[in-house]
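**Q** kindly generate the corresponding structure for this input.
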Amino acid sequence: MEMKDFYYDKYVNAISREEYSRLMKDNEYKKVALTNLPDGKRVSTVWLGINYNFTYHNPPLMFETMVFPQDSWGELDCDRYCSELMAIFGHVKMVRKWKK
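**A** This next block holds a predicted model:
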């Protein structure tokens, strides 16, 4: 496995470390969705660019949804996805889960 197979753009194309660094500086590129819940919690979905599927036998997991408590960055919930479309659906699902 080449090191470039560790980094991916939003379209599941392997990219170099240099391209990854450039894209990580682009906040609009990284952001997928952000929802502020009525109780102050935040649901955030972002492109990670790094394959978090450390088995390397399945599609790369490079999008993440996290739930943060009010006035804190401590993590309450987390899920990862292999495509931006799955991440968008996962974001909606997480918002519904935490609105209850």
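
**Q** quick one: contacts for Lys31?
**A** Residues in contact with Lys31, defined by CB atoms under 8 Å, 6 or more residues apart in numbering, are 46-47. C-betas here are computed from N, CA, C, even on glycine.

**Q** is it bridged to anything, and to what?
**A** Here Lys31 sits in beta bridges with Val46, as judged by DSSP bridges.

**Q** now do the helix or strand harbouring Leu23: distance to the chain's middle.
**A** Assigned by DSSP states H and E, Leu23 falls within helix 17-24. Centroid separation between helix 17-24 and its chain, computed with CA atoms, centre = their mean, to the nearest Å, is 16 Å.

**Q** tell me the buried residues in it?
**A** Buried residues in helix 17-24, counted by 16 or more other CB atoms under 10 Å: 19-20, 23.

**Q** which strands and helices sit next to that helix?
**A** Counting contacts by 3 or more CB pairs under 8 Å, 6 or more residues apart in numbering; DSSP states H and E, helix 17-24 is packed against helix 27-30.

**Q** buried ones in the helix it packs on?
**A** Going by 16+ other CB under 10 Å, helix 27-30 has no buried residues at all.

**Q** so for that helix, mean pLDDT?
**A** Averaging pLDDT along helix 27-30 gives 96.

**Q** how about stretch 65-75?
**A** Stretch 65-75 carries an average pLDDT of 89.

**Q** hmm, Phe63 and Asn51 touching each other?
**A** No: checked against CB atoms under 8 Å, the pair Asn51 and Phe63 is beyond contact range at 11.0 Å.

**Q** more neighbours: which of those two?
**A** Between Asn51 and Phe63, counted using other CB atoms under 10 Å, the more crowded position is Phe63 (27 against 21).

**Q** right, I'll leave it there.
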